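with the sequence up front, the predicted model follows.
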Amino acid sequence: MSTVRLTMAQALIRFLNQQYISVDGEETPFIAGVMGIFGHGNVTGIGEALERSPGNLAFIQGKNEQGMVHAAVAYAKQKNRKQIYACTTSIGPGALNMVTAAATATVNRLPVLLLPGDNFASRQPDPVLQQMEVAGDYTMSATDAFKPVSKYWDRIVRPEQLMTALNQAIRVLIDPAETGAVTLALPQDVQAEAYDYPASFFEKRVHYIDRQLPTASSNDRAAKLITSKKRPLLIAGGGVLYADAMDELRAFAERFQIPIAETQAGKGSIAWDHPLNVGAIGVTGSLAANRIAKQADLIIGVGTRYSDFTTASKSAFQHGDVQFVNLNINKMDAGKMSGVSVAADAKAGLQALLAALESAGYASQNEPGYIEAQKREWDAEVDRLYQMELTDGFSQTRALGVVQENLRPSDVIVCAAGSLPGDLHRLWRVTEPKTYHMEYGFSCMGYEVSGAFGAALANPERDVYAVVGDGSYLMLHSELVTSLQENRKFTVLLFNNHGFQCIHNLQRGQGSDGFGNEFRYRDAQTGQLSGAYMPIDFAAHARSLGAKAYKATNAEELKAAIESARNESVTTLIEIAVLPGTNTDGYESWWHVGVPAVSVSGKVTAAHEAMNGKLRQTQHFD
């Protein structure tokens, strides 16, 4: 047997270079490159391998470990999980900074390979710098924190273990039903140890991702239930986009005249102006979708995990006989809401279900006139919000209307947290798939700037816009610098509303007077954070990093700034001053949050009673 003597880190990099996936006959290198921040735990191991023998893997220098993993996650999302970046860090704090982003990947079913450094396997220089010592279990280190947020976790304490570990890692990363963060903890001494690896380990490997077909029995059960129902509603989740099943979804809906509502991850599955697209559903949903959901006697969920925002905390579906058909590649998601489970790829599953329903001669009894009327009323409401002028300042919805008017249909927007996801889910009009990039599985503050960089890496031919609040920008904006370094331009649309206004609104809606959520100075007399707003100059901050920057306080200034930003050659920030509390809310939806049963405030106890009243009206599903 022919062998190649390499360090463990060199073998890792050589193996990653040879991994390919094939989907529908299209072959793609699976690992695009490595994002990393070097420290003593990886610089002489993986760092040396990437410096001397990178192969075709690009190396991108991150500026914050969480930020670079967010960028890698966004890259995978934009690439429909067909290509990924690996991320490497040192031990201790560098490794732990990736944990939040690992959870973001796993919650959103997005692949990312994490390669944190770890303590010396030999334990000789013990305790090494940045090592955690757990007196009761000396096998434990900082990288154990990745276990609950990873779909696969391993620690390589001998160089030959790499072979088994990498095969298992790739298996999970490419599996659409199981994918998420994969963590291989790499002790820094083992990274540099040599082993005679079989040459065959480094041969080109093509991993074929076959579309999972539904079983005949599950397809029949789903078809039988559907044919017994009169007013079905389709819910399009992210699985529609990942499976490239947009055409099949539209054909299915048109054939049986079933309206389509979209989750955050599924938005863009069908054009906003299609007659059967009733818009966003749930807590951040449209009036049209939420009204239709209440009357539906069947919900057909395609590629959705039924988050509490999608189901309005399970209050969205109020028909006495409502039932669910769940078409999902992931069996856990397919089994939710006491539904008929169809474990299958979205494209293949919709094709099979359409054929079965056609054979049965099925036709829904949805009233086209009712769907049209609901959609027309909602479109008018969006127009009103987009044009809403206020005498005392710039409303958030008006600002979004200006952005919508001045972006091209092919431009990509990236968002994740705050009040903006709700407004975008309700209002943003998507014409082309993969132009609405929302991380709302984890809704991780700080994702937006990093995510926009990842999306720009994935789609350099498109203009990418990070739509971010001032609070989320302050949390994490480090990869803006990386975008300048890599010459991958995107534009940051920073909505400055002086704080965490989304939670401020939620807080006040449950009886609070407002506490601890706005960026105000501490008042010397009251001792509270109730003084004047802090005058943070975000445009100046962006310029100090090397970006271009503009400010806008009204529609005319914002339009001019967008036009100027489009002509800039480097990442650009537009600071948009908007009035707090001018976001959208409600539209016959509800979100279950815990409200105190006892309080000195009558407003709080009244809110608690209102919550209980809503709970009494809510159906219970598994």
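Okay, I see it.

apart from its neighbours in sequence, what residue is nearest residue 114?
residue 183 (4.5 Å; Cβ to Cβ, 6 or more residues apart in numbering). (C-beta placed from N, C-alpha, C; glycine too.)

what about that neighbour, neighbour count?
28 (other Cβ atoms under 10 Å).

and residue 140, by the same measure?
Around residue 140 there are 14 residues (other Cβ under 10 Å).

how about the one 10 residues further on?
By other Cβ under 10 Å, the residues close to residue 150 number 23.

quick one: pLDDT of it?
For residue 150, the model assigns a pLDDT of 98.

please renumber the chain so that the first residue is 7 from this point on.
Got it, the first residue is 7 from now on, which makes the last one we talked about residue 156.

quick one, what contacts it?
108, 112, 120, 186-189 (Cβ atoms under 8 Å, 6 or more residues apart in numbering).

so which of the residues you listed are in helices?
Using DSSP state H, 108, 112 are the members of the contacts of residue 156 that sit in helices.

filter the contacts of residue 156 to the buried ones?
108, 112, 120, 186-189 (16 or more other Cβ atoms under 10 Å).

pull stretch 325-338 out as CSV, backbone CA atoms only.
What follows is stretch 325-338, C-alpha atoms only, in CSV (Å, rounded to 0.1, in the frame of the first residue of the first chain):
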residue,chain,number,x,y,z
HIS,A,325,-60.2,25.7,12.2
GLY,A,326,-61.8,23.1,14.4
ASP,A,327,-60.7,20.2,12.1
VAL,A,328,-57.3,21.6,10.9
GLN,A,329,-54.7,18.9,10.2
PHE,A,330,-51.2,18.9,8.8
VAL,A,331,-49.2,17.2,6.0
ASN,A,332,-45.5,17.8,6.5
LEU,A,333,-43.1,17.3,3.6
ASN,A,334,-39.6,17.5,4.9
ILE,A,335,-36.2,15.9,4.4
ASN,A,336,-35.7,16.0,8.2
LYS,A,337,-37.8,13.4,10.0
MET,A,338,-38.0,15.4,13.2
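
how about it: buried residues?
325, 328-336.

that stretch - what's its average pLDDT?
97.

same question, stretch 539-546
96.

equivalent analysis for stretch 67-82, please.
What stretch 67-82 shows for mean pLDDT is 98.

now stretch 129-147
92.

starting at the chain centroid, how far to that stretch?
The chain centre lies 35 Å from the centre of stretch 129-147; the measure is Cα atoms, centre = their mean, to the nearest Å.

buried ones in it?
Buried residues in stretch 129-147 (16+ other Cβ under 10 Å): 134, 136-137, 147.

list the contacts of that stretch.
45-47, 96-100, 124-126, 148, 191, 194.

need the buried ones from those selected in PyMOL.
Only the buried entries of these go into this PyMOL selection, using 16+ other Cβ under 10 Å:
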select buried, resi 45+46+47+96+97+98+100+124+125+126+148+191+194
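
which single one of the contacts of stretch 129-147 is nearest to residue 352?
The shortest approach to residue 352 among those belongs to residue 191, at 34.1 Å (Cβ to Cβ).

what about the closest one, which SS state?
When classified by DSSP: H, G, I helix; E, B strand; the rest coil, residue 191 comes out as strand.

tell me which residues touch it, please.
Residue 191 touches 101, 122-124, 147, 149, 152, 159-162, counting by Cβ under 8 Å, 6+ apart.

go again with 6 Å.
122, 124, 149, 161 (Cβ atoms under 6 Å, 6 or more residues apart in numbering).

picking that back up, restricted to strands, list the buried residues of stretch 129-147.
Applying DSSP state E to the buried residues of stretch 129-147, no entry is found in strands.

can I get the residues you listed in JSON lines including distance to residue 227?
Formatted as JSON lines, the buried residues of stretch 129-147 follow (distance: Cβ to Cβ, whole Å):
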{"residue": "134", "distance to residue 227": "57"}
{"residue": "136", "distance to residue 227": "54"}
{"residue": "137", "distance to residue 227": "54"}
{"residue": "147", "distance to residue 227": "47"}
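
of those residues, closest to residue 530?
Nearest to residue 530 among the buried residues of stretch 129-147: residue 136, at 41.1 Å, using Cβ to Cβ.

how far away is that closest one from residue 463?
29 Å (Cβ to Cβ, to the nearest Å).

what's the following helix or strand after the lengthiest helix in the chain?
In the chain, taking DSSP H as the definition, the longest helix is helix 374-392. Scanning forward in sequence from helix 374-392 by DSSP states H and E, the next helix or strand is helix 402-412.
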